[in-house]
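>>> next one to model:
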Amino acid sequence: MMTERRWSSFVQWRVACHRPQIATVRLKQMALTFTKLDHEWLLREGCPPMGSTEARSPTFCEALRNASGSLHRLSDHQLASWIVARLSFLTASSLLREGDTFAHDTNEFGYKIKILTADGSIVSMGALMIHQDRTYYKANDVAIEDSQSLLVELLTEFSDDLDRCEIRVRIPGTRRFRSYGWDGMTLLS
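Purely as a prediction, here's the structure:
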């Protein structure tokens with residue numbers, strides 16, 4: 001069993017060895033952090049915070065498809081793959097630090113997203129969730145009326161900028177996986 005001191009050294013070593021080469025992405029409290037659209041974005045693997053709600057009209061996927069014409073032709077799975085590849089690009093290929101293989105009883109995985117102002121005030125806390133059947137965003141909007149629109153703007157700005165990556169999700173009760181991401185040529189489906 002690893003002692004607390006050895007574990008701390010191991011974590012510091014892992015973080016030091018895997019720091020991204022791009023200065024705009026950094027680890028903050030074990031979260032990926034980047035600045036875009038005049039906000040600081042913290043991203044980590046996880047589920048929506050308690051009390052968060054999902055926008056009903058338009059839904060997250062409808063808002064994405066309305067914001068970018070190139071997303072209309074994508075299936076739901078391809079749209080989820082596009083989101084993963086886009087997040088990987090925005091985090092300068094650091095998204096896989098949050099994990100590349102997931103296995104949850106709920107058959108979904110997701111990323112907690114905290115949006116902060118330049119002075120560190122919380123604007124919104126939420127999570128982007130990808131389930132086998134649908135993709136959705138749930139949030140607690142603290143100082144903004146609609147964080148979903150801000151997230152859609154973040155993702156659809158330069159929507160063709162994707163990063164090669166693959167996230168695997170184990171299908172509960174089986175040994176099979178489904179994949180999300182981009183292989184450099186096509187979205188994984």
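>>> residue ranges with poor pLDDT in this protein?
1-30 (pLDDT under 70).
>>> can you tell me the centre-most residue of it?
For the chain, Tyr111 is the residue whose C-alpha lies nearest the centre (C-alpha atoms, centre = their mean; 4.3 Å).
>>> surely that one touches Arg86?
No: with contacts counted by C-beta atoms under 8 Å, Tyr111 stays clear of Arg86, the gap being 11.6 Å. No exception for glycine: its C-beta is placed from N, CA and C like everyone else's.
>>> tally of neighbours for Leu90?
Applying other C-beta atoms under 10 Å, we find 24 residues neighbouring Leu90.
>>> return the residues in contact with it.
Residues near Leu90 by C-beta atoms under 8 Å, 6 or more residues apart in numbering: 34, 36, 41, 154.
>>> re the thing from before, who are the packing partners of the helix or strand where the residue nearest to the centre of the chain lies?
Tyr111 belongs to strand 108-116 when assigned by DSSP states H and E. Here strand 108-116 touches strand 39-45, strand 122-131, helix 147-156, strand 165-170, going by 3 or more C-beta pairs under 8 Å, 6 or more residues apart in numbering; DSSP states H and E.
>>> again, only using 6 Å
Secondary-structure packing of strand 108-116 (3 or more C-beta pairs under 6 Å, 6 or more residues apart in numbering; DSSP states H and E): strand 39-45, strand 122-131.
>>> between the first one and strand 108-116, how big is the angle?
What it means is strand 39-45. Using axes from the mean of the first three to the mean of the last three C-alpha atoms, to 10 degrees, one finds that strand 39-45 and strand 108-116 are set 150 degrees apart in direction.
>>> strand 39-45 pairs with which strands?
Partners of strand 39-45 in the sheet, by DSSP bridges, are strand 31-36 (antiparallel), strand 108-116 (antiparallel).
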